[in-house]
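Q: give me a model of this one.
(one chain, ligands or ions: 3)
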Amino acid sequence: MNSLLKGVNLYLIAMPGSGKTTVGRELAKQLNYGFVDTDVVIEKTAGDKPITQLFAEFGEAAFRELESNVLAQVCGFTQLVIATGGGIILKRENWSYLHHGLIVWLDVPVELIYSRLAEDTTRPLLQDVDPRAKLRELLETRQPLYAQADLRITITEEETPEQIATRVIEEIPTVLKQNIHPPEDRSLDKRN
Ligand SMILES: Nc1ncnc2c1ncn2[C@@H]1O[C@H](COP(=O)(O)OP(=O)(O)OP(=O)(O)O)[C@@H](O)[C@H]1O
Ligand SMILES: O=C(O)C1=C[C@@H](O)[C@@H](O)[C@H](O)C1
Ligand SMILES: [Mg+2]
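A: Numbering: from 1, shown residues only. Ligands and ions are numbered 1, 2, ... in the order given. So this is what the prediction gives:
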């Protein structure tokens, strides 16, 4: 698979709590790719400030600017699995970066996301009186954007991150873009 991908990056897009980070790590391991999480890079760039704090101090628009900058940097490298932030699909300019690689949507039902994140306080957009309704509302606006991914992986409750990663890898050949050729090997050190 690695040779078939020719170093092309995989970008994971999905609703918050869908498993982009968890499945992304596993995918990187199975592909012998590096792993980058744009949320983590943003936090590091901002001096190790958690995302909740960045939202509270500077607002969502400033966070989205940082996110686009990080994405622009990351897409200059090859052989990476990139877990993106749930809202990366919102800005049109981000799509031109995402399309440098293969875009994979982890499509997880709202109820499953809700059950996973019920106790979580690190997702600022879900700190709502009714997080379940908030998730539904977010999905309604975002679904047409996530649906622009090259590959849609519909996820059920029973699947482990390892199984999901294996399924992504099995499905990649069905959607490999003929015209993607990374210019040169600019792989980051493998990080997991
Ligand atoms: N396949 C799975 N089975 C069980 N639990 C999972 C699975 N995938 C992810 N999780 C759990 O769900 C939670 C959310 O996962 P994760 O942080 O990877 O989501 P995310 O898509 O990266 O979210 P965000 O957009 O907020 O960064 C974590 O607690 C993780 O352990
Ligand atoms: O869905 C979203 O808009 C977000 C998801 C997280 O990954 C973070 O990027 C941030 O909490 C915003
Ligand atoms: Mg994540």
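Q: once you drop chain neighbours, what's closest to the residue of the chain found nearest ligand 3?
A: Using Cβ to the ion, the closest approach of the chain to ligand 3 is made by residue 21 at 3.4 Å. Bear in mind the C-beta positions are built from the backbone N, C-alpha and C, glycine included. Spatial nearest neighbour of residue 21, chain neighbours left out: residue 83 (4.6 Å); criterion: Cβ to Cβ, 6 or more residues apart in numbering.
Q: just the pLDDT at residue 117, thanks.
A: pLDDT, residue 117: 87.
Q: contact partners for it?
A: 16-17, 123, 126, 131 (Cβ atoms under 8 Å, 6 or more residues apart in numbering).
Q: phi, psi of it?
A: phi -100, psi 10 (degrees, to the nearest 10).
Q: quick check: the gap between it and residue 18.
A: Residue 117 sits at a distance of 10 Å from residue 18 (criterion: Cβ to Cβ, to the nearest Å).
Q: element containing the residue of the chain closest to ligand 3, please.
A: For residue 21, the host element (DSSP states H and E) is helix 20-31.
Q: what about that helix, near ligand 2?
A: No: using Cβ under 6 Å from any ligand atom, helix 20-31 stays clear of ligand 2, with a minimum separation of 7.3 Å.
Q: so what strands line up beside whichever helix or strand comes after that helix?
A: Note on helix 20-31: by DSSP H and E, the next helix or strand toward the C-terminus is strand 34-37. Strand 34-37 has these partner strands in its sheet, going by DSSP bridges: strand 80-83 (parallel).
Q: residue 155 and residue 105 touch, don't they?
A: No: the criterion here is Cβ atoms under 8 Å, and residue 155 misses it with residue 105 at 10.0 Å.
Q: show me which of the two is the more surrounded one.
A: residue 105 (24 against 20; other Cβ atoms under 10 Å).
Q: now the residue lying closest to that one once chain neighbours are set aside: phi and psi?
A: Leaving aside its sequence neighbours, residue 105 sits nearest to residue 149 (Cβ to Cβ, 6+ apart; 3.7 Å). Backbone geometry at residue 149, expressed as degrees, to the nearest 10, gives phi -60, psi 160.
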